[in-house]
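In: sequence first, predicted model second:
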Amino acid sequence: MIMRDTDRALVQAATAVAKLRCRGDNHTVAAAARSADGRVFTGVNVYHFTGGPCAEVVAIGAAATQGVGELETIVAVGDRGRGVLPPCGRCRQVLLDYFPSIQVIVGPMDALRAVPVAELLPDTFVWADQQVEVPVSRPAAED
Ligand SMILES: [Zn+2]
């Protein structure tokens, strides 16, 4: 999908946070996510050997903190001028499960594009599709 002006602004927002806040080994990637009403939420990764969250997940949490549960587009940008980074496998799965129609900005800086997350995760496991309703067995009525 062609990049819109709002998509470019999102890349700029993540780039600004990466430049300003990603210094040192603990925070190396910034993400920016836009809600349907145009609000932008940013986050940085929290590196830790036990499995600290990626910047995308932190941005999702920042949006949730503000009561926003629907995100339309997301992008991650690396520190030290690394540009736009594609989401890792875990983030792709999280994004798909939380926001099945979210667009993810990927690609080299001179050819960025916004793609549906499902396109980044073909033949995927969809958690919601696997939730089989099991009839609740009720104890026989007394008396
Ligand atoms: Zn990730």
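Out: Right, received. Where do you want to start?

In: hey, let's count contacts and neighbours off CA atoms from now on
Out: OK.

In: would you check how far apart the residue nearest to residue 68 when sequence neighbours are not counted and the ion are?
Out: Closest residue in space to residue 68, ignoring its immediate chain neighbours: residue 35 at 7.3 Å, by CA to CA, 6 or more residues apart in numbering. Going from residue 35 to the ion by CA to the ion, to the nearest Å gives 19 Å.

In: what count of nearby residues applies to residue 35?
Out: 17 (other CA atoms under 10 Å).

In: could you export the longest helix along the chain as CSV, CA atoms only?
Out: What stands out as the longest helix in the chain, according to DSSP state H, is helix 5-21. Provided in CSV are the C-alpha atoms of helix 5-21 (Å, rounded to 0.1, in the frame of the first residue of the first chain):
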residue,chain,number,x,y,z
ASP,A,5,1.3,11.5,4.8
THR,A,6,0.1,10.2,8.2
ASP,A,7,2.3,7.1,7.6
ARG,A,8,5.3,9.3,6.9
ALA,A,9,4.5,11.3,10.1
LEU,A,10,4.4,8.1,12.1
VAL,A,11,7.9,7.1,10.8
GLN,A,12,9.1,10.6,11.7
ALA,A,13,7.7,10.2,15.2
ALA,A,14,9.4,6.8,15.8
THR,A,15,12.6,8.2,14.3
ALA,A,16,12.5,11.2,16.7
VAL,A,17,12.0,8.9,19.7
ALA,A,18,14.8,6.6,18.6
LYS,A,19,17.2,9.5,18.3
LEU,A,20,16.2,11.1,21.6
ARG,A,21,15.6,8.1,23.8
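
In: and that helix, what's buried?
Out: Neighbour counts over helix 5-21 (16 or more other CA atoms under 10 Å) mark 7, 10-11, 13-19, 21 as buried.

In: mind listing what the nearest residue to residue 116 once chain neighbours are set aside touches?
Out: Spatially, and ignoring its direct neighbours in sequence, residue 116 is nearest to residue 103 (4.4 Å; CA to CA, 6+ apart). Contacts for residue 103 were tallied using CA atoms under 8 Å, 6 or more residues apart in numbering; they are 72-74, 114-117.
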